[in-house]
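K.L.:
Please find the sequence and the predicted model below.
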Amino acid sequence: MRNYIKYPPFRWREHKGQCIPRGPSFRWARMVTVRLTDCTLSLRLPRHAPRPGADSGEWRLLPRVYDLEGQDHSDREMPSQSWLYEGIIARAWAFYGPWFTGCKGNVHFSLVGLRLSQPNPQINFLHPRALETGALGYITACWGHEVYGNKAYYQAPLNWTPLQHLPLPAVRFDMRCVIQAGELKRFVFFPVGRDKLIKISFTCHQYATGTQEEIDARVSPEPMLELVENIIGSLQVTPSPELQREVDAVREAYPDAAVSPDCPPLDWPAHVDRDGLTILPYDEKLYAQPVR
């Protein structure tokens with residue numbers, strides 16, 4: 001548990017050397033249960049604890065069954081409008097330096113349900129390769145079109161890792177901002193139906209300037225990443241009998257199918273087609289709004 005005397009939220013002096021910030025204790029994190037139509041998700045989350053004065057960014061979990069019907073993204077966020085999303089729960093946790101050196105970092109967590117805007121009966125996300133296609137298509141739809149001059153703003157996937165502790169195919173990977181250091185996004189994707197995905201995302205910020213190496217030397221990312229990995233490790237998925245039968249049918253039909261052991265970064269900038277899955281060469285005019 002954070003020592004509020006040694007790690008107060010106030011900044012009255014500068015920290016010298018590398019700061020090892022302190023955030024919420026995972027030891028006291030409570031189990032949170034999300035009820036979906038075809039399965040139940042459980043994971044341990046610390047209580048919402050953003051830095052003072054910051055936008056809360058919290059989505060409170062509702063006591064209902066989420067059907068993941070979803071809604072549109074904004075045109076700015078997703079020009080292709082190829083995916084629908086339903087925000088389920090989101091929290092933020094501030095990390096502080098010792099003895100009045102202030103807030104040194106932040107982790108924002110969200111759990112979101114996804115489905116294609118245009119239903120595709122040919123795709124079954126319960127198949128590991130279809131899951132990969134969906135995850136890569138979604139991140140490209142959201143971030144692949146972001147550019148700074150002629151360069152892609154983000155690079156992904158990085159540190160691609162299949163998750164083995166869930167009863168469904170699942171993958172974890174990172175995304176980094178190429179233009180500005182100090183920000184890391186870590187994603188977990190897994191299916192909760194043949195046409196539905198769950199995206200868990202963590203955005204970690206280190207409050208320092210310079211290259212990534214210089215920022216790491218000033219503010220250690222390890223306490224934030226440790227919290228992220230503890231939450232991911234606590235994740236449990238309990239499929240309904242109907243969903244389990246679908247999973248078993250895919251495994252019986254494709255006994256050798258598995259999430260790829262690695263995946264190189266995508267060639268961004270890029271777009272996706274309206275189907276949400278087919279990655280297209282970048283064209284700034286592709287989804288431009290007509291001038292009235």
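P.N.:
Thanks, I have it.
K.L.:
Which helix or which strand is home to the residue most central in space within the chain?
P.N.:
Closest to where the C-alpha atoms of the chain average out (Cα atoms, centre = their mean) is S201, at 1.7 Å. If you go by DSSP states H and E, S201 is part of strand 196-206.
K.L.:
Which neighbouring elements make contact with that strand?
P.N.:
If contacts are counted by 3 or more Cβ pairs under 8 Å, 6 or more residues apart in numbering; DSSP states H and E, strand 196-206 sits against strand 103-116, helix 128-139, strand 183-193, helix 212-218, helix 222-234. Bear in mind the C-beta positions are built from the backbone N, C-alpha and C, glycine included.
K.L.:
which residues touch L243?
P.N.:
Contacts for L243 (Cβ atoms under 8 Å, 6 or more residues apart in numbering) come out as 38-39, 192-193.
K.L.:
coming back round to it: report the angle between the axes of the strand holding S201 and strand 183-193?
P.N.:
170 degrees (axes from the mean of the first three to the mean of the last three Cα atoms, to 10 degrees).
K.L.:
Restrict strand 196-206 to CA atoms and write it as PDB.
P.N.:
Once non-C-alpha atoms are left out, strand 196-206 reads as follows in PDB (Å, rounded to 0.1, in the frame of the first residue of the first chain):
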ATOM      1  CA  LYS A 196     -17.500 -10.300 -30.500                       C
ATOM      2  CA  LEU A 197     -14.200  -9.300 -29.100                       C
ATOM      3  CA  ILE A 198     -13.000  -7.800 -25.800                       C
ATOM      4  CA  LYS A 199     -10.300  -5.200 -25.800                       C
ATOM      5  CA  ILE A 200      -8.500  -4.500 -22.500                       C
ATOM      6  CA  SER A 201      -6.100  -1.600 -22.800                       C
ATOM      7  CA  PHE A 202      -3.600   0.100 -20.500                       C
ATOM      8  CA  THR A 203      -2.100   3.500 -21.300                       C
ATOM      9  CA  CYS A 204       1.000   4.200 -19.200                       C
ATOM     10  CA  HIS A 205       2.400   7.700 -19.000                       C
ATOM     11  CA  GLN A 206       5.800   8.700 -17.500                       C
END
